[in-house]
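Asks: Build the 3D model from these lines:
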Amino acid sequence: MLNTTASAVPHSLSVLAGKTAIVTGSTSGIGLGIAQALAAEGANVVINGFGAAREIEALRSEISRDYGVEVLYSGTDMSQPEKIAEMIETAAGEFGQVDILVNNAGIQHVSPIESFPPEKWDAVLAIDLSSSFHAIRAVFAGMKERRWGRIVNVASAHGLIASPFKAAYVAAKHGLVGLTKVVALEGAECGVTCNAICPGYVWTPLVEKQIEDQAKSHGISRDQVVRDVLLAQQPDKRFATVDDIGALVAFLCGPAAQSITGAALPVDGGWTAH
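Replies: Alright, predicted model coming up:
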């Protein structure tokens, strides 16, 4: 559900006033929460993703109205490098420059390795890892030249640890953490930071459907699915929220985080502390 509470802080005083952010995979779920959080801090936002045209336009106009910022929608397919470059170019043409890039787009496929379809491996790597490289490549020179930029890669707890049957996803997210470190080193003297956030399970409509499906297939209650299946490895036994993730991204893009770069920050209720 879209947050309709507008920021009470005048945009002239907001920490990201006048900045432009691109958030990939942001028409729902975590990405939408991140886009809202950045807009609340005064940033103009480019949202990206798939969905019904009428619903996306409603999201775009609602974010713009609630937070008093400019919002542009791009339907770019993040598996297409040339289209990613076009999205960056369009955003820069519309707003003058791109100051913040949040690589959030991602897909998943679950299968044992011996039956993992090669085309699914290629698709997951293209969206979950390669798209971030292509987007970073397109914005990095401008950020370095202006000596300011913020790049946040939405990885996963699976960028730090592994689970069975998720070969492509785990490989991609580990790769994304490695890419984050390289970009941080290359941007360190130019005022450009790059960090990865590594969520565990986050409460989204997609997870809600997953709970319902697993409860039916296993013949157990919703509470059992949450505690004993989805959050079995998560010590706090609670989902993170999209607001949690959005607040962390907004912080990493603000002045207080200027010395944080190259980090992979878990938001996983202690999962990776095992």
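
Asks: Tell me how the protein divides into domains.
Replies: With automatic domain parsing serving as the domain definition, the record reports that the chain contains domains spanning 20-202+240-273, 204-238.

Asks: now the ones you listed as JSON lines including distance to residue 14 and mean pLDDT?
Replies: Yep, even glycine has a C-beta here, placed from its N, CA and C like the rest. Conversion of the domains of the chain to JSON lines gives the following (distance: least, Cβ to Cβ, whole Å; pLDDT from 0 to 100):
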{"stretch": "domain 20-202+240-273", "distance to residue 14": "3", "mean pLDDT": "98"}
{"stretch": "domain 204-238", "distance to residue 14": "26", "mean pLDDT": "89"}
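
Asks: What are the boundaries of the helices in the chain?
Replies: Secondary structure of the chain, counting by DSSP state H: helices at 29-40, 53-67, 81-95, 118-125, 131-146, 167-187, 205-218, 222-224, 242-253.

Asks: highest average neighbour count across the domains of the chain?
Replies: A comparison of the domains of the chain by mean neighbour count, using mean count of other Cβ atoms under 10 Å, puts domain 20-202+240-273 on top with a mean of 20.

Asks: Can you give the distance of that one from its chain's centre?
Replies: Once both centres are worked out by Cα atoms, centre = their mean, to the nearest Å, domain 20-202+240-273 turns out to sit 4 Å from its chain's centre.

Asks: The residue nearest to residue 251 when sequence neighbours are not counted: what's it in contact with?
Replies: Nearest in space to residue 251, with sequence neighbours left out and distances taken as Cβ to Cβ, 6 or more residues apart in numbering, is residue 257 at 5.6 Å. The contact partners of residue 257, by Cβ atoms under 8 Å, 6 or more residues apart in numbering, come to 193, 195, 251.

Asks: Throw the residues you listed into TSV and include distance to residue 232, thanks.
Replies: Formatted as TSV, the contacts of residue 257 follow (distance: Cβ to Cβ, whole Å):
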residue	distance to residue 232
193	34
195	28
251	29
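
Asks: Return the member of the residues you listed nearest to residue 171.
Replies: Closest approach between those and residue 171, by Cβ to Cβ: residue 195, at 20.4 Å.

Asks: That closest one and residue 240, how far apart?
Replies: Distance of residue 195 to residue 240, given as Cβ to Cβ, to the nearest Å: 17 Å.

Asks: what's across from residue 47 in the sheet?
Replies: Residues found in beta-bridge contact with residue 47 (criterion: DSSP bridges) are residue 23, residue 73.

Asks: does it really touch residue 58, like I thought?
Replies: No - Residue 47 sits out of contact with residue 58 when judged by Cβ atoms under 8 Å, with a separation of 11.8 Å.

Asks: which strand is the longest one in the protein?
Replies: Of all the segments of type strand in the chain, defined by DSSP state E, the longest one is strand 192-199.

Asks: For that one, which helices and strands make contact with it?
Replies: The contact analysis (3 or more Cβ pairs under 8 Å, 6 or more residues apart in numbering; DSSP states H and E) places strand 192-199 against helix 131-146, strand 149-154, helix 167-187, helix 242-253, strand 264-267.

Asks: Go again with 10 Å.
Replies: Applying 3 or more Cβ pairs under 10 Å, 6 or more residues apart in numbering; DSSP states H and E, one finds that strand 192-199 makes contact with helix 29-40, strand 100-103, helix 131-146, strand 149-154, helix 167-187, helix 242-253, strand 264-267.

Asks: now the first one against helix 53-67, angle please.
Replies: Using axes from the mean of the first three to the mean of the last three Cα atoms, to 10 degrees, the interaxial angle of helix 29-40 with respect to helix 53-67 works out to 30 degrees.

Asks: Residue 223 is in contact with residue 215, isn't it?
Replies: Yes - at 9.1 Å, residue 223 counts as touching residue 215 under the criterion of Cβ atoms under 10 Å.
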